[in-house]
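Enquirer: missing the sequence, but the structure's below:
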């Protein structure tokens, strides 16, 4: 909620109001068109929110209410039974939670550590091959996962890393690292070089200037990057689906997919499972989504 | 584990160097070739080469090999020249998947951009309550992991107790009880998949365009109004040209993302009914992991990579033009 607010400040709206004011004789028509627009807006709001609402509502509904020919849209008869079903659906549920968390955190740690070094090089130095490296980073983000899954499967199989969290982490890093480098580079660039140089003139070594001056300034950016990298790893499906074939080694995404295949009529359990899996991502995402939008818009409007 | 080692190994020398560089850093900056940036890049380059470069080489290699379960377990190599490519190019189902991917991508991107633009313009003119409500709903839809989105949409369109069937019947749009949305007609299945993709893609596009729109200097609008331009002319002659770079970037990003969609299709239809929703990615996956024809799957992936490379070229170029690659 608060994350979305800064994107849409009041300041933004005043100009268009000012523009409309001179045309007084249009007021009635404008009122009408504003009512029409707001109605369209409300319809769009309902359509956008409904799938999320339906997921949450179904998760809290008793089994009997879910399987009714006339759906009940009101949140009146709620139960936690669906969540109990979800957690007990597989004896390995907590293993899946642990697997997903471990792989995601490890991926973030590696991507952030390695990514920060690269970001410093790219943002603070001019060297031969810099542009080429940037272009490669961007190009990597277009590589389809389905293309990498075959060769990575061979390699992991040969190294006996199938069904291993370490092997899965390595494959997640492929997609998290380039993105982490790109995002961190932006944050380092946004700190003026003069600040560090001033510290170095004052006798700080380069390392000290980095640790005492730059690092505190880019810390929020590092948090944001970590969160995005975490979400990306948490959402991964294909690699885990192919590489983790023992049923105690699944991640939550693979578990949800098998749950969905074997759900029978247990929709409230399945939706409760989705809610449990989705909730951390949504909370984290709300914290950082503004950074994507503002980052993209800032450089992109050219007068 | 593979991933951790090169990273840990190369940070130490990088730190040692920087300590040497400490005393007279400013002079050093201009004096001679600096090795520090290269040291800093080494861990990431090692990881990218090992985890991405090598697999890509391996993919191309495999596409020229006969590679089945026997080769997988015996670790033997059997080259077969361009036979895999000949096979897929002669295969009707492969060409169908290429065509399907292109149409599906175009439909998703077209709808996403149209709706996204509409919503962005709408957001500017709405009252604050509605605007905030829409933003919240969009962020929630955007934040949903693809797997959750697919599972929820499966439930929305379920052929028993599905709420969409109920709604369409209640609105007298046909007697649609127990309509199988994803299991009988590929076209209907694609409709569901497309709607789901667009639902999740619109928020990013709409909020980005909205942010872009709010950055257009208001004097330009005022000037256009003073000159007597109509609302549509102001939009098409002032607004759109100014946000063209961001429209271009969003379009090309959407093209890449939608071309590469796998999870949602796989969860909703597994490429069915009768392969009717197989995109290139799904086709390649099915050949490799269901049919154990890894060579064929690899060849299809190489074709997909070639198509992505074209889009990627325009993506990089548009970022270079907006000054992102500095």
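Expert: Looks like it arrived, so ask away. Predicted model, so just to flag it, every value in this text is computed and none were measured.
Enquirer: C-alpha from now on. contacts and neighbour counts both.
Expert: Fine.
Enquirer: Which element, helix or strand, includes the closest residue to residue A:154 other than its chain neighbours?
Expert: Once flanking residues are discounted, residue A:154 sits nearest to residue B:72: 7.3 Å by C-alpha to C-alpha, 6 or more residues apart in numbering or on different chains. With secondary structure defined by DSSP states H and E, residue B:72 is part of helix B:69-74.
Enquirer: Which parts of that helix count as buried, going by neighbours?
Expert: By neighbour count on 16 or more other C-alpha atoms under 10 Å in any protein chain shown, the buried set for helix B:69-74 is residue B:72.
Enquirer: Quick one: mean pLDDT for it?
Expert: If you average the pLDDT over helix B:69-74, you get 89.
Enquirer: any idea how far residue B:105 is from the residue nearest to residue A:154?
Expert: Residue B:72 is 33 Å from residue B:105, where distance means C-alpha to C-alpha, to the nearest Å.
Enquirer: Show me where the stretch 51-200 of chain B has its helices.
Expert: With helices called from DSSP state H, counting those that start in this stretch, the stretch 51-200 of chain B shows them at B:54-63, B:69-74, B:83-89, B:92-125, B:128-143, B:146-156, B:163-170, B:186-214.
Enquirer: Put together JSON lines for these, with distance to residue A:183 on each row.
Expert: Below are those laid out as JSON lines (distance: least, C-alpha to C-alpha, whole Å):
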{"stretch": "helix B:54-63", "distance to residue A:183": "24"}
{"stretch": "helix B:69-74", "distance to residue A:183": "38"}
{"stretch": "helix B:83-89", "distance to residue A:183": "38"}
{"stretch": "helix B:92-125", "distance to residue A:183": "24"}
{"stretch": "helix B:128-143", "distance to residue A:183": "19"}
{"stretch": "helix B:146-156", "distance to residue A:183": "22"}
{"stretch": "helix B:163-170", "distance to residue A:183": "40"}
{"stretch": "helix B:186-214", "distance to residue A:183": "17"}
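Enquirer: Run through the stretch 51-200 of chain B and note the low-pLDDT ranges.
Expert: By pLDDT under 70, the low-scoring segments of the stretch 51-200 of chain B are B:175-176.
Enquirer: Give me every residue in it lying close to chain A.
Expert: B:51-52, B:55-56, B:58-59, B:62, B:72, B:122, B:124-127, B:130-141, B:143-148, B:151-153, B:155-156, B:161, B:163, B:166, B:199 (C-alpha under 8 Å from any C-alpha of the partner chain).
Enquirer: Pick out the residue of the stretch 151-300 of chain A closest to chain B.
Expert: As assessed by C-alpha to the nearest C-alpha, chain B sits closest to residue A:205 within the stretch 151-300 of chain A, at 4.2 Å.
Enquirer: which stretch among the helices of the stretch 51-200 of chain B comes nearest residue B:294?
Expert: Closest to residue B:294 of these is helix B:54-63 (C-alpha to C-alpha; 7.3 Å).
Enquirer: Which residues does the closest one contact?
Expert: The contact list for helix B:54-63 (C-alpha atoms under 8 Å, 6 or more residues apart in numbering or on different chains) reads A:147-148, A:150-152, A:155, B:84-85, B:294-299, B:302.
Enquirer: among these, which ones are buried?
Expert: Among those, those scoring as buried are A:147-148, A:150-152, A:155, B:84-85, B:294-299, B:302 (criterion: 16+ other C-alpha under 10 Å).
Enquirer: Let me know the closest of the residues you listed to residue B:253.
Expert: residue A:147 (18.4 Å).
Enquirer: Which strand or helix spans the closest residue to the closest one other than its chain neighbours?
Expert: Once flanking residues are discounted, residue A:147 sits nearest to residue B:301: 5.0 Å by C-alpha to C-alpha, 6+ apart. Assigned by DSSP H and E, residue B:301 belongs to helix B:294-321.
Enquirer: In the strand or helix carrying residue A:109, which residues are buried?
Expert: For residue A:109, the host element (DSSP H and E) is helix A:93-124. Neighbour counts over helix A:93-124 (16+ other C-alpha under 10 Å) mark A:93, A:95-123 as buried.
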